[in-house]
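Chemist: What follows is a protein structure lacking sequence information:
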């Protein structure tokens with residue numbers, strides 16, 4: 001603001017300060033703006049030209065990520081829409097790879113639900129600037145392209161350049177998906193034939209599998225991962241269900257192939273099947289540890305729109321001829337495991353125990369009636385004490401009525417447990433001296449645990 005004297009009294013009058021020169025009135029500013037825009041467009045065209053050439057020369061997402069990393073002097077990553085890493089390239093100071101950044105979780109998934117699209121300032125000295133853009137083809141969102149730079153810092157204008165790169169990444173993804181869809185259908189049909197016992201002679205089936213890059217001539221377990229949501233009863237549209245199932249199948253395929261490209265894996269209507277190789281003498285616990293590693297990668301931290309699922313694992317088989325039986329075992333493990341655990345669990349067929357027989361009862365109403373008649377009022381949760389007494393009874397039976405061991409597991413005083421046993425016998429009968437009653441109660445407790453009834 002400036003002050004000037006007027007022709008009136010000797011006081012001052014406030015007048016607005018002159019406006020800064022605009023590009024329209026300042027030729028030098030206009031020239032600078034035009035030059036800036038020209039440089040930006042020239043860089044965008046260069047990025048687009050280089051990346052298109054990469055794709056036309058047969059390059060895929062890995063080559064696209066490598067080119068983007070070179071443009072920004074740092075690292076680049078391509079992920080699925082829910083953040084699963086598909087390709088990455090480049091390096092950052094003191095970091096082995098881009099997934100070590102805080103914006104990735106422990107399983108290597110980009111936290112897309114926390115990372116905004118666009119340009120982002122670093123959160124601290126060790127956090128590089130980054131820009132994320134969506135990869136879109138038509139109305140379909142295909143993934144996320146990210147650029148990470150330790151310096152010089154990325155600017156909002158870099159987002160425009162990255163968006164041009166995303167259009168080329170969309171081309172590469174579309175091409176890969178088209179090829180994968182054809183190959184995937186053929187592979188899935190062949191795996192379905194193997195699991196149905198229609199693969200032909202074992203030697204011929206193993207040879208054909210080898211031509212697809214699969215090694216099935218070794219000790220295997222069949223792993224079935226089935227989504228907990230029933231797609232037949234969902235309110236989702238058919239297209240949304242298809243997209244979700246494709247994403248689920250791709251997540252398993254990526255997790256498996258990152259470890260061993262010779263493992264057979266394919267997605268069906270609501271499940272994914274993996275022929276996981278194992279040691280011939282591996283017990284159920286060892287097999288579950290290996291399968292559990294895959295499950296943890298696919299589940300991640302549950303973010304990014306991931307679907308919950310239940311996993312069933314078969315016994316070990318050494319011949320293609322036994323795959324049909326193993327597949328049935330894995331399917332049984334999924335169904336019984338979901339009934340017992342309520343979903344999102346991992347069950348091995350050998351560890352199902354008596355639940356395998358209980359699951360064969362066709363009418364669950366008979367099982368509920370059996371529970372009610374055997375446990376009486378303990379079959380319900382009408383009283384808060386009922387669940388506690390059921391747990392006490394279960395531990396007693398599991399320890400073969402070893403009172404000292406039961407007291408130790410339940411952290412009860414010996415006399416407290418004795419009082420509880422007397423109360424249970426008044427309610428249920430002399431189970432401590434009647435082995436048949438004890439067997440009935442043990443079965444009833446296990447049926448009661450089956451949440452799927």
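Modeler: Yep, it's here. None of these values were measured; they are calculated from a predicted model.

Chemist: per-residue pLDDT, residue 55?
Modeler: On pLDDT, residue 55 comes in at 77.

Chemist: Hmm, it is touching residue 171, no?
Modeler: Yes - between residue 55 and residue 171 a contact is recorded at 5.5 Å, counting by Cβ atoms under 8 Å. For every residue, glycine as well, the C-beta is placed using N, CA and C.

Chemist: low pLDDT regions in this structure?
Modeler: The model of the chain has pLDDT under 70 over residues 1-25, 39, 93-94, 121-128, 152-153, 156, 301-305, 451-453.

Chemist: Please parse it into its domains.
Modeler: When the chain is parsed with automatic domain parsing, its domains come out as 27-178, 196-357, 362-449.

Chemist: Looking at these, spot the one closest to residue 187.
Modeler: Nearest to residue 187, of all these, is domain 196-357, at 5.5 Å by Cβ to Cβ.

Chemist: could the domains of the chain go into TSV alongside mean neighbour count and distance to residue 188?
Modeler: Shown next, in TSV, are the domains of the chain (neighbours: other Cβ atoms under 10 Å; distance: least, Cβ to Cβ, whole Å):
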stretch	mean neighbour count	distance to residue 188
domain 27-178	17	15
domain 196-357	18	4
domain 362-449	15	31
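
Chemist: of those, which approaches residue 184 most closely?
Modeler: Residue 184 lies closest to domain 196-357 among those, at 7.0 Å (Cβ to Cβ).

Chemist: gap between the two ends of the closest one?
Modeler: 23 Å (Cα to Cα, to the nearest Å).

Chemist: Next up, identify which helix or strand residue 52 is on.
Modeler: helix 27-56 (DSSP states H and E).

Chemist: the helices in the stretch 251-400 of the chain, which residues?
Modeler: 284-299, 323-341, 355-358, 364-375, 384-398 (DSSP state H, counting those that start in this stretch).

Chemist: quick one on the thing from earlier: what is the helix holding residue 52 packed up against?
Modeler: helix 61-72, helix 156-195 (3 or more Cβ pairs under 8 Å, 6 or more residues apart in numbering; DSSP states H and E).

Chemist: Starting from the shortest one, tell me the next helix or strand along the chain.
Modeler: By that I understand helix 61-72. Where DSSP H and E defines the elements, the next helix or strand beyond helix 61-72 is strand 75-79.

Chemist: that older thread, want to throw the domains of the chain into JSON lines with distance to residue 185?
Modeler: JSON lines is the format used below for those (distance: least, Cβ to Cβ, whole Å):
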{"stretch": "domain 27-178", "distance to residue 185": "12"}
{"stretch": "domain 196-357", "distance to residue 185": "9"}
{"stretch": "domain 362-449", "distance to residue 185": "35"}
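
Chemist: How much space separates residue 40 from residue 129?
Modeler: 18 Å (Cβ to Cβ, to the nearest Å).

Chemist: Adding distance to residue 263, write the helices of the stretch 251-400 of the chain out as a markdown table.
Modeler: Shown next, in a markdown table, are the helices of the stretch 251-400 of the chain (distance: least, Cβ to Cβ, whole Å):
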| stretch | distance to residue 263 |
| --- | --- |
| helix 284-299 | 10 |
| helix 323-341 | 14 |
| helix 355-358 | 27 |
| helix 364-375 | 36 |
| helix 384-398 | 37 |
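
Chemist: Would you confirm that residue 392 contacts residue 420?
Modeler: Yes - counting by Cβ under 8 Å, residue 420 is a contact partner of residue 392 at 5.3 Å.

Chemist: Now distance to residue 424 too, for the helices and strands packed on helix 27-56, in TSV please.
Modeler: Formatted as TSV, the helices and strands packed on helix 27-56 follow (distance: least, Cβ to Cβ, whole Å):
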stretch	distance to residue 424
helix 61-72	63
helix 156-195	46
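
Chemist: what about those, which gets the closest to residue 26?
Modeler: When the helices and strands packed on helix 27-56 are ranked by proximity to residue 26, the top entry is helix 156-195, at 21.6 Å, counting by Cβ to Cβ.

Chemist: Who are the packing partners of whichever helix or strand comes after that closest one?
Modeler: Downstream of helix 156-195, the next assigned helix or strand under DSSP H and E is helix 202-211. Contacting helix 202-211 under the criterion 3+ Cβ pairs under 8 Å, 6+ apart are the following elements: helix 156-195.

Chemist: starting at the chain centroid, how far to the helix it packs on?
Modeler: Centre-to-centre, helix 156-195 and its host chain are 18 Å apart (Cα atoms, centre = their mean, to the nearest Å).

Chemist: what sits against residue 171?
Modeler: Contact partners of residue 171, counting by Cβ atoms under 8 Å, 6 or more residues apart in numbering, are 52, 55, 137.

Chemist: from what I can see residue 109 touches residue 86, true?
Modeler: No - using Cβ under 8 Å, residue 109 makes no contact with residue 86, being 11.2 Å away.
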